[in-house]
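*Asks:* Provided below are the primary sequence and the corresponding predicted coordinates.
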Amino acid sequence: MRHPTSDAAATRRLILILSICGFASTFAIRSLDPLIGVIARDLRSDPHTIALLATAFAIPYAFIQPILGPVGDALGKERIMKVCLAVLAATLVASALTPNTVTLFGLRVLSGAAAGGVVPMVLATIGDRVEMARRQVAISRFLLAVIIGQLSGATLSGFLAEFVGWRGVFALSSGLALIGFAAALFGFRRSAAPTAAFDLSVALARYRTIVGIPRARALFAFVFVEGVVIFGIFPYIAPLLESRGAGGPSEAGLIIAAFAAGGVLYSALVAVLLRALGLAWMLVAAGAFGAAGFAGVAFANHWTVDAVAMVALGLSFYMLHNSFQTQVTEVAPQARGSAVALHAFSFFCGQAIGPLSLGFGFAAIGEAPTLLLGALAILVLGVVAAWILAPAQLRAR
């Protein structure tokens, strides 16, 4: 494992390279969302079936994590990143040429597995290369590229589809993945030598060790709850607006974009927040912002109120998630890829359960009570995380 760098210029170059890789992979995740109807018409398929392409991407993205984590630890994280970006580019260009729905589903599964090997490997690489004192700010800069990739993937693909079609959008996504591959290839010309040949028994032993660390278990639980509570709300934004007569798809898109705006705000303020609040009180503040966001959505009477509430919720999420990501890079330094992979797996499992949980709550007790339970849950999460991760800071004040 490489020693963390103390050179600010080298850190900036590292984050730039990794941000290009992260942008390329997250653009591919979100670029499909506005294209469902177009693809369904072109391939003469049911739109509900084509909508499952998102699931076909997300499931392998999540379940590849426990596999690629120890492989990255053994063979080198930069190597795995390069291979995954190359496979992602190849499957995306093949998707642009696909003749039917069945082939597109198979390619989407491969794309999801390949994309799943990028962001976790990036986070583990930052953990290897950047000292802990500067790591949270460095990861927040990378997260900004991820946010921009998600936003541009969703917005640009819908706009460009009118001019180049959905196949052209897939070709663009492939080109961006190739740029990410080139950035990794030339940016990491001298990748670290493999620490050892991959050994399944060693990988399982590492996982047993990581799961045996109380701090690691807490972080996995935190990020799971975060995924359930915060990401459960997204599929219901448009239905909530329609049921209140407060807007349609365009307003729903702006509200979801407001969540990302909260992430951009966090990236701009992270250094100030850490200096002013420290880790513990920043987590408490994140819980308070999240509670305010959920309450705002619960009682909103206009879509602009929802948008402001989602800015608060986005700020809350990135304050929490960036803190958890930073902490997990240090729980097992000799198996950092494995630790980050388990963390990502927990997060995506939470995301998968979130919409089901929220939908059940809406049906059982109503919209406003369910959203207020979400507010309470995120507030408790912030306080409990602060108490477990940095209790001394809470007692100091």
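*Replies:* Yes, it's here. Numbering: from 1, shown residues only.

*Asks:* From here on, just use CA atoms for contacts and neighbour counts.
*Replies:* Will do.

*Asks:* Please name the residues that touch Arg215.
*Replies:* Going by CA atoms under 8 Å, 6 or more residues apart in numbering, Arg215 touches Val331, Ile388, Leu389.

*Asks:* do Phe360 as well
*Replies:* With CA under 8 Å, 6+ apart, Phe360 has no contacts at all.

*Asks:* same check, this time on Leu18
*Replies:* Val122, Phe142, Ala184 are the contacts of Leu18 under CA under 8 Å, 6+ apart.

*Asks:* What separation do you get for it and Ala9?
*Replies:* Shown here: Leu18 relative to Ala9, a distance of 14 Å by CA to CA, to the nearest Å.

*Asks:* rewinding a little: just the buried residues of the contacts of Arg215.
*Replies:* Val331, Leu389 (16 or more other CA atoms under 10 Å).

*Asks:* Could you pick out which of the contacts of Arg215 are located in helices?
*Replies:* Those of these mapping onto helices are Ile388, Leu389, per DSSP state H.

*Asks:* Lowest pLDDT pick from the contacts of Arg215?
*Replies:* Across these, the smallest pLDDT goes to Val331, namely 80.

*Asks:* Chain neighbours aside, what residue packs nearest to it?
*Replies:* Ala216 (6.1 Å; CA to CA, 6 or more residues apart in numbering).

*Asks:* Repeat that for Ile20.
*Replies:* Spatial nearest neighbour of Ile20, excluding adjacent residues (CA to CA, 6+ apart): Gly180 at 5.5 Å.

*Asks:* got the contact list for that neighbour?
*Replies:* Neighbour list for Gly180: Ile20, Cys21, Gly22, Phe23, Ala24, Leu85 [criterion: CA under 8 Å, 6+ apart].

*Asks:* same deal with Ser357?
*Replies:* Val228, Gly232.

*Asks:* Model confidence for Thr55, exactly?
*Replies:* Thr55 is given a pLDDT of 75.

*Asks:* ok, the nearest residue to Phe188 once chain neighbours are set aside to Val311 distance?
*Replies:* Nearest non-adjacent residue to Phe188, counting by CA to CA, 6+ apart: Glu78, 6.9 Å away. From Glu78 across to Val311, the span is 34 Å (CA to CA).

*Asks:* Could you identify the longest helix within this structure?
*Replies:* Of all segments of type helix in the chain, defined using DSSP H, the longest is helix 132-187.

*Asks:* ok, now how distant is Ala276 from Met282?
*Replies:* 9 Å.

*Asks:* These two: which is more packed in?
*Replies:* Using other CA atoms under 10 Å, the more surrounded residue of Ala276 and Met282 is Met282, with 23 against 11.

*Asks:* give me phi/psi at the more buried one?
*Replies:* phi -70, psi -40 (degrees, to the nearest 10).

*Asks:* confidence score at it?
*Replies:* Note on Met282: pLDDT of 92.

*Asks:* which stretches of the stretch 201-350 of the chain form helices?
*Replies:* All helices of the stretch 201-350 of the chain, identified by DSSP state H, counting those that start in this stretch, fall at 214-231, 237-244, 249-299, 303-328, 336-365.

*Asks:* averaging pLDDT over each of those, which comes out lowest?
*Replies:* Mean pLDDT is lowest for helix 237-244 among the helices of the stretch 201-350 of the chain, at a mean of 75.

*Asks:* other SSEs contacting it?
*Replies:* helix 249-299 (3 or more CA pairs under 8 Å, 6 or more residues apart in numbering; DSSP states H and E).

*Asks:* same for the helix it packs on, what does it pack against?
*Replies:* Other elements packing on helix 249-299 under the criterion 3+ CA pairs under 8 Å, 6+ apart are helix 132-187, helix 237-244, helix 303-328, helix 367-389, helix 391-396.

*Asks:* Comparing those helices, which comes out most buried?
*Replies:* Highest mean neighbour count of the helices and strands packed on helix 249-299: helix 303-328, a mean of 25 (counted as mean count of other CA atoms under 10 Å).

*Asks:* before we move on, back to that, out of the contacts of Leu18, who's nearest Tyr207?
*Replies:* Using CA to CA, Val122 is the member of those that sits closest to Tyr207, with 19.4 Å.

*Asks:* Report pLDDT for the closest one.
*Replies:* Looking at Val122, its pLDDT stands at 86.

*Asks:* so who does it touch?
*Replies:* Applying CA under 8 Å, 6+ apart, we find Val122 in contact with Leu18, Gly22, Lys77, Met81.

*Asks:* quick one: it from Phe105, how far?
*Replies:* Val122 is 27 Å from Phe105, by CA to CA.

*Asks:* can you check Gly116 too?
*Replies:* For Gly116, the distance to Phe105 - CA to CA - is 17 Å.

*Asks:* and the two? which has more neighbours close in?
*Replies:* Applying other CA under 10 Å to Gly116 and Phe105 shows that Gly116 carries more neighbours, namely 31 against 21.

*Asks:* Quick check: closest non-adjacent residue to that one.
*Replies:* Gly116 sits nearest to Tyr61 (CA to CA, 6+ apart), 4.4 Å away.

*Asks:* same thing with Gln65?
*Replies:* Nearest non-adjacent residue to Gln65 (CA to CA, 6+ apart): Ala341, at 4.8 Å.

*Asks:* same check, this time on Ala271
*Replies:* Closest residue to Ala271 apart from its sequence neighbours, by CA to CA, 6+ apart: Val137 at 6.3 Å.

*Asks:* so that neighbour sits right up against Ala268, yeah?
*Replies:* No: using CA atoms under 8 Å, Val137 makes no contact with Ala268, being 9.7 Å away.

*Asks:* Check the gap between the closest residue to Phe220 other than its chain neighbours and Thr101 for me.
*Replies:* Nearest residue to Phe220, sequence neighbours excluded (CA to CA, 6+ apart): His343, at 5.4 Å. From His343 across to Thr101, the span is 33 Å (CA to CA).
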